[in-house]
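return a 3D structure for these sequence lines:
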Amino acid sequence: MERQGTAGDSLSAREDGLLLKAEVEALRASWLMTAPNPRVGALALKDGHIVGRGRHERLGGMHAEEAALRDAGAWPADSPEPNPGHVDEIVVTLEPCSAKDPEKRRNPCVESLLAAGVERLLVGALDPDARHQGSGLMAMEEGGAQVRLSPDPSPFFAMNGAFSRSLANPDRPWILLKWAASLDGKVASPPGGPRWISGPESRDEVHEIRALSDGILIGKGTLEADDPFLNARPASGPRPEQPTRIFVGGGESLAPEAHALEKAGPRIWVLEPDGGLPPWMAENLKSGEDHVLEIPRTSDGFDLGILLSRLRKEFSLRRILVEGGPGIHGSFLREECVDAVLIYTAPILLGGRESAFPAEVAAPLALDASSKEEACLGRDHRVAFQVVEAS
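Residues are numbered from 1 along each chain as shown. Presented below is the predicted three-dimensional model:
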């Protein structure tokens, strides 16, 4: 088997056509729902005919190969593994995973493919992660499968900017900056105005996106002004574990009846080295649900580089949803710690001064127009962009 980047036989017209169909399947997924994982598409074949299609649709959800096996009838819903005999060939846009990692939410795909009796594997791109590159193909070959690899991985990378950006920043989580705003760009209602800017359909999607995240982060102002629960309540049902709630500053002013303390789940309180929580929080800290991170301040606020590095290393957080408020947004933009932005715009005018981030923050953030994903949610318009990789 020839590896990408070396001389080798080109794919046949049949193989090119199958990979193109798998790429189309991958493009049906949303990077907003999969990042920092890649969008991957797969086909399942039997005797040369396509009998199943699949894609990785949600972070933590089925991988494309598993989805294709289930679509082909090779993996019953009540079975812990696929049944052989239904599928003999798999086409997939990315090398199947083979690592057993505590951070992974699914079993290695190579085990499932071999259990299903896959005899031939056609792959669009090697895993770009040097820790795992080539391991999946080697495992398939050792299991007796014939493996073919495309000499051109560019279609995979063209649709997976979020994945590539995450690999380029392995020491911190992938950061999604989110806000809801009026048509005049205001993120808070004036006194006597509506409680919610966005409509119920938008809020439902936010709960779905919260459920995909490892952590949700807000600042002192939002904690005190909104008193949020800050948990994930998706319409599809609760996830087994709630995202970690991260509160940057404001711990000293916390009230015992704060909504953030009512719901079970891990909480991280980011404080200055000489800061502290109220004495009554001592029992919460003993429970193991609450953790304190002492982070030094710079002239612009908490040192986000240190904070994000510790959240990744000590708490294994891969994806964080930053919900604000404006001060926190400004800090993340100023420190260039943003990978994508998610904006819900409601058809109302609010006036006032509360913009998504302070006017004095210089934030020339370049967004990738080709990555744009948008939707109409009730009365609202939602748009998401990836940040352009710095050259």
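
any stretches of the stretch 1-150 of the chain with poor pLDDT?
Low-confidence segments of the stretch 1-150 of the chain (pLDDT under 70): 1-9, 102-105.

test my guess that residue 381 contacts residue 202.
No - counting by Cβ atoms under 8 Å, residue 381 does not reach residue 202; the two are 9.2 Å apart. All C-beta spots, glycine's among them, are computed from the backbone N, C-alpha and C.

more neighbours: which of these two?
Set residue 381 next to residue 202 and count neighbours by other Cβ atoms under 10 Å: residue 202 wins out with 21 against 16.

in which helix or strand does that one reside?
Assigned by DSSP states H and E, residue 202 falls within helix 200-212.

packing partners for that helix?
Judged by 3 or more Cβ pairs under 8 Å, 6 or more residues apart in numbering; DSSP states H and E, the packing partners of helix 200-212 are helix 31-34, strand 174-182, strand 319-324, strand 340-346, strand 367-377, strand 380-387.

hmm, who's touching it?
With Cβ atoms under 8 Å, 6 or more residues apart in numbering as the contact definition, helix 200-212 has outside contacts at 32-33, 58-60, 176, 178, 180, 196, 198, 216, 231-236, 238-239, 243, 319, 321, 342, 344, 346, 375, 377-378, 380, 382.

which of the residues in that helix are buried?
Of all the residues in helix 200-212, those buried under the rule 16 or more other Cβ atoms under 10 Å are 201, 202, 203, 204, 205, 206, 209, 210, 211, 212.

equivalent analysis for stretch 249-257, please.
For stretch 249-257, the neighbour count (16+ other Cβ under 10 Å) marks 249, 250, 251, 254 as buried.

quick revisit: tilt between the helix holding residue 202 and strand 380-387?
With axes from the mean of the first three to the mean of the last three Cα atoms, to 10 degrees defining the directions, helix 200-212 sits at 30 degrees from strand 380-387.

any residues in contact with both of residue 381 and residue 202?
The contact sets of residue 381 and residue 202 overlap at residue 344 (Cβ under 8 Å, 6+ apart).

closest to residue 11 out of the buried residues of helix 200-212?
The shortest approach to residue 11 among the buried residues of helix 200-212 belongs to residue 212, at 34.2 Å (Cβ to Cβ).

okay, angle between the helix holding residue 202 and strand 367-377 too, please.
Put simply, helix 200-212 runs at 120 degrees to strand 367-377, going by the same axes, to 10 degrees.

now for the next helix or strand after helix 200-212, which elements pack on it?
Toward the C-terminus, helix 200-212 is succeeded by strand 215-219 as the next helix or strand (DSSP H and E). Strand 215-219 sits against strand 244-248, strand 319-324, helix 326-334, with contacts defined as 3+ Cβ pairs under 8 Å, 6+ apart.

how is this protein carved up into domains?
Split into domains by automatic domain parsing, the chain comes to 13-160, 169-387.

make CSV from the buried residues of stretch 249-257 and add distance to residue 66 to it.
Formatted as CSV, these follow (distance: Cβ to Cβ, whole Å):
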residue, distance to residue 66
249, 42
250, 42
251, 42
254, 43
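
quick one: the helices in the stretch 51-200 of the chain?
Secondary structure of the stretch 51-200 of the chain (DSSP state H, counting those that start in this stretch): helices located at 64-71, 109-115, 135-142, 154-158, 161-168, 200-212.

related to what we said a few turns ago, and residue 121, which of the helices and strands packed on strand 215-219 is closest to it?
Shortest distance between residue 121 and the helices and strands packed on strand 215-219, using Cβ to Cβ, is found for strand 319-324: 28.9 Å.

what's the angle from the closest one to strand 244-248?
Using the same axes, to 10 degrees: strand 319-324 against strand 244-248 is 40 degrees.

CA atoms of strand 319-324 as PDB?
Extracted in PDB, the C-alpha atoms of strand 319-324 (Å, rounded to 0.1, in the frame of the first residue of the first chain):
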ATOM      1  CA  ARG A 319     -14.400  22.100  23.200                       C
ATOM      2  CA  ILE A 320     -15.600  25.100  25.100                       C
ATOM      3  CA  LEU A 321     -18.600  27.300  24.400                       C
ATOM      4  CA  VAL A 322     -18.000  30.900  25.500                       C
ATOM      5  CA  GLU A 323     -21.300  32.600  26.200                       C
ATOM      6  CA  GLY A 324     -20.100  35.900  27.500                       C
END
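
parallel or antiparallel, list what pairs with that strand.
With DSSP bridges as the test, strand 319-324 is paired with strand 174-182 (parallel), strand 215-219 (parallel).

about what we covered before: deepest-packed of the helices of the stretch 51-200 of the chain, please.
Most buried of the helices of the stretch 51-200 of the chain by mean neighbour count (mean count of other Cβ atoms under 10 Å) is helix 64-71; its value is a mean of 26.

could you dump that one to PDB, C-alpha only?
Taking C-alpha atoms only, helix 64-71 is exported to PDB below (Å, rounded to 0.1, in the frame of the first residue of the first chain):
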ATOM      1  CA  ALA A  64     -19.100   7.600   9.800                       C
ATOM      2  CA  GLU A  65     -18.100   4.000   9.500                       C
ATOM      3  CA  GLU A  66     -20.500   2.900  12.300                       C
ATOM      4  CA  ALA A  67     -23.300   4.900  10.700                       C
ATOM      5  CA  ALA A  68     -22.700   3.300   7.300                       C
ATOM      6  CA  LEU A  69     -22.700  -0.200   8.900                       C
ATOM      7  CA  ARG A  70     -26.000   0.500  10.700                       C
ATOM      8  CA  ASP A  71     -27.500   2.000   7.500                       C
END
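
by contact count, what packs against that helix?
Counting by 3+ Cβ pairs under 8 Å, 6+ apart, helix 64-71 packs on helix 13-27, strand 41-46, strand 49-55, strand 89-92, helix 109-115.
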